[in-house]
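1. Got a sequence here, can you model it:
(2 chains)
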Amino acid sequence: MPSASDTTSVSTTDPTPVGDRSRRGSMLLKAVGLVALTVAVLSFPAVAANPFILSVGVVIMSYAVLATSWNFVGGFTGYISLGHASYSGLGAYATGLLVIHTSMNPWLAMLLAGLVVAVLAVPIGIASLRVRGASFVIVSIALVLILLLVFQSWGSFTGGSNGLRVPRPFGPEVLRPEQHERFFYLHAALLAVALLVWWLIDRSRFGTGLKAIREDEDKAQALGVPTFTYKLIAFVVSAFFTALGGGMYALWFGFLDPIFQFSILVGSYMVLMSLLGGIRSLFGPFLGAVIVGYAVEYFKNQYGDTQFHLVAMGLLLGLVVLFMPDGIIPAATALVDRFRPQRTSIREVSAADLAEQRRTADPEAARADQQSRTDDGTDVPDASAETSTGAATDNDSPTVTEGARR
Amino acid sequence: MSLFVQSLVLGVLLGGLYALLAAGLTLYFGVMRVVMIAHSAFLILAAYLAWWFTNETGLDPLLSLVLTVPLFFGMGVVMQRSLISRLRPATLTMMSVLLTFSIALVIEGTLGFVFSGTQRRIRLDYGGSSIEIAGANVAVVKLIAFGLAVVSLAALFLIMKKTQFGQALRATIQHPEAARLIGINTERVAGYGFGLGLATAAIGGTALALDSTFYPSLHWHWIGPLMAIIVVGGLGSIPGAAIAAMVLGMGQALLQIPLGTTWAQTFFYIALFATLMVRPQGFFGGRLAQRF
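-> Have a look, this model is predicted:
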């Protein structure tokens, strides 16, 4: 089983030591956690002290949707887009303009806007994904800047710098607090859909291919992963969900200004949230959104209009990149695992550790390992999705066993 | 016709400044594979330092170069050694973008905090005077800025081609492992390369401060065109960046006549997308650009 693509899933598979019993235990734990999280989210409007707190909750949920959508491309492929505000902004404007000009059902408009943005994302993706990383980032930033220019200058259509007023989807009989409450649930539903899709991709062969691209694009390509197509699909899906998030925000907030919609800062919030929570974890962006969203609202409330929030945001992002690029969730899991009794004799090792071990181990074992790698490396991507107990027991070299256990 | 010539001359002058700054960006990318988002933030920082220097001492802003160039060189070396080199090699390109982005935010925020967000401008006695060249009226300050850019680019070229350090730097850019094998201390060279790149931002910032107003968030208007230039020129190629800067700078200046300032700016981005569609490695990029 150990093969080059195995290393791709090192930190994505659940690092819990797995025996049959403990796996059932961890699944139970996960189910309980999921239920607790759902209850906590759903009961938030009931416990929120006042409409202001509730509106902060809506903002945070909106951030969570955006960050989770960002994570389709950032988390799976490792391509970091600083310009996802383009898609949320386009989604917001498309929704608003559709509602205003065609007076169609706002929810239909939102969905349609998402599809329009997804179609737009195809040529953008083709342009930016043909070469590796650097061009992708450059295009993502350039796109935000160009859209800001266009939407500010094209006043007759977009409202320009004066902004665009989006009619509310609920009648005037729905008061502000109730409006917030409804939108909180709507955002939560959208978030749930996004999370579900992310989870499904994560478990699929497609997702494994994407993660292979993230870990080593050359190797993935060599193993037959159609890297360009995969990247493009992930990118379009990401743009679609981001646009839906933007559209729903537009319907809730009711007013769009290019400065805030096509702001590089919003795009970097998505990155910071995902990175802080952990881009390889399902709930990482959500957790990050709660922390960063709360911090942003707090800063705005406390320090108002000063430039201070830029400094705080910059410092936080820098610290995360330097010291915690894997995010809170993996760091916390590692911490918990350290205190948990080791249930099996098989230890978790990272790719770097293993390489080190192999270098120091006697050449005989290293060669045996090499041999078994080439022997078993044929059925590639699915093997890495789950760590299963039986996978490596037929191998007696200790190095190999550890390799397979990763 | 005179409008055309006027725009052409202005385009050349602007292109010179773009070329210098793009050369800096190319240096970072060459030595470290880093897309340095904070480059234009340092540009604005240098402009503010020049303004502050003139306000405090009453001397000509050009003299501030004596302080800012070594300062920025030092900052570049420190930044590369203490921040960029800490990142994991596997994710360097992506993470360095985020890191330099966060540096840009901190600079923008600090400038806004210290100097407030109002627009600043240096008042010079020769600020209003202009010279006629080939039927076009050109402000003296623009000529000085262009001259500064040309001199620095020439100096950069000489350093790269004629000195031993330049040879080591080019070796590091072309093949770091091979450079290390023949005894080049690539880490130190990369640090100096970074410093050199940041020094171009110091010079560019002073040139910028001579003839235009600036404010903390101005750097976003610079980084987009600059990045478009280095992609069109081919990531990692300094002559490519310089040529692309000239062509795009002139294109922007010429398009301003029919389209107006705002729409003319989109020219850079259209060029960027067109390049990526037609020739993703850029028009002058060599081997390097293929993989990034």
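2. When you work out contacts or count neighbours from here on, use the C-alpha atoms and nothing else.
-> Fine.
3. For chain A, which residues are neighbours of chain B?
-> Within chain A, the positions adjacent to chain B are A:78-80, A:126-128, A:130-135, A:137-139, A:141-143, A:145-146, A:149-150, A:153, A:306-315, A:317-318, A:321-322 by CA under 8 Å from any CA of the partner chain.
4. go again using 6 Å as the cut-off
-> Within chain A, the residues that sit near chain B (CA under 6 Å from any CA of the partner chain) are A:127, A:131-134, A:142, A:307-308, A:310-311, A:314, A:317-318.
5. Show me which of the residues you listed is closest to A:Phe299.
-> Nearest to A:Phe299 among the residues of chain A next to chain B: A:Phe308, at 8.5 Å, using CA to CA.
6. What residues does the closest one make contact with?
-> B:Gly109 (CA atoms under 6 Å, 6 or more residues apart in numbering or on different chains).
7. and if you look at the one 3 residues further on?
-> Taking CA under 6 Å, 6+ apart as the definition of contact, the neighbours of A:Val311 are B:106, B:109.
8. wait, is it part of a helix?
-> Yes - A:Val311: assigned to a helix according to DSSP: H, G, I helix; E, B strand; the rest coil.
9. Could you pull up phi and psi at A:Leu256?
-> With angles defined as degrees, to the nearest 10, A:Leu256 sits at phi -120, psi 140.
10. Neighbours of A:Met270, how many?
-> Using other CA atoms under 10 Å in any protein chain shown, the number of residues around A:Met270 comes to 31.
11. how close does it get to A:Ile291?
-> Distance, A:Met270 to A:Ile291, by CA to CA, to the nearest Å: 12 Å.
12. and A:Ser140, what is it in contact with?
-> Counted by CA under 6 Å, 6+ apart, A:Ser140 has contacts A:81-83.
13. Now do the SS call for the closest residue to it other than its chain neighbours.
-> In space, and not counting its chain neighbours, A:Ser140 is closest to A:Gly83: 4.4 Å by CA to CA, 6 or more residues apart in numbering or on different chains. For A:Gly83, the assignment made with three-state DSSP gives coil.
14. and residue 98, what is it in contact with?
-> By default, I'm working from chain A. A:Leu98 neighbours (CA under 6 Å, 6+ apart): A:Ala109.
15. How far away from the center of its chain is the helix or strand it falls within?
-> Using DSSP states H and E, A:Leu98 sits within helix A:85-102. In terms of CA atoms, centre = their mean, to the nearest Å, the gap separating the centre of helix A:85-102 from the centre of its chain is 22 Å.
16. how about the residues of the stretch 1-150 of chain B that lie near chain A?
-> B:99, B:102, B:105-106, B:109, B:112-113.
17. In helices, which of the residues you listed appear?
-> Members of those lying in helices (criterion: DSSP state H): B:99, B:102, B:105-106, B:109, B:112-113.
18. ok, how many other residues are close to A:Ala222?
-> 10.
19. how close does it get to B:Leu17?
-> 43 Å.
20. cool, A:Phe151 as well?
-> 28 Å.
21. which of the two has more neighbours?
-> Between A:Phe151 and B:Leu17, B:Leu17 has the larger neighbour count (other CA under 10 Å), namely 29 against 24.
22. Okay, buried residues for whichever strand or helix holds that one please.
-> Assessed by DSSP H and E, B:Leu17 sits inside helix B:2-32. By neighbour count on 16 or more other CA atoms under 10 Å in any protein chain shown, the buried set for helix B:2-32 is B:5-32.
23. now do stretch B:81-99
-> Buried-residue list, stretch B:81-99, by 16+ other CA under 10 Å: B:81, B:84-85, B:87, B:92-99.
24. Same list, the residues you listed, but as a markdown table with pLDDT please.
-> Formatted as a markdown table, these follow (pLDDT from 0 to 100):
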| residue | pLDDT |
| --- | --- |
| B:Arg81 | 89 |
| B:Ile84 | 87 |
| B:Ser85 | 85 |
| B:Leu87 | 85 |
| B:Leu92 | 82 |
| B:Thr93 | 81 |
| B:Met94 | 84 |
| B:Met95 | 87 |
| B:Ser96 | 88 |
| B:Val97 | 87 |
| B:Leu98 | 89 |
| B:Leu99 | 92 |
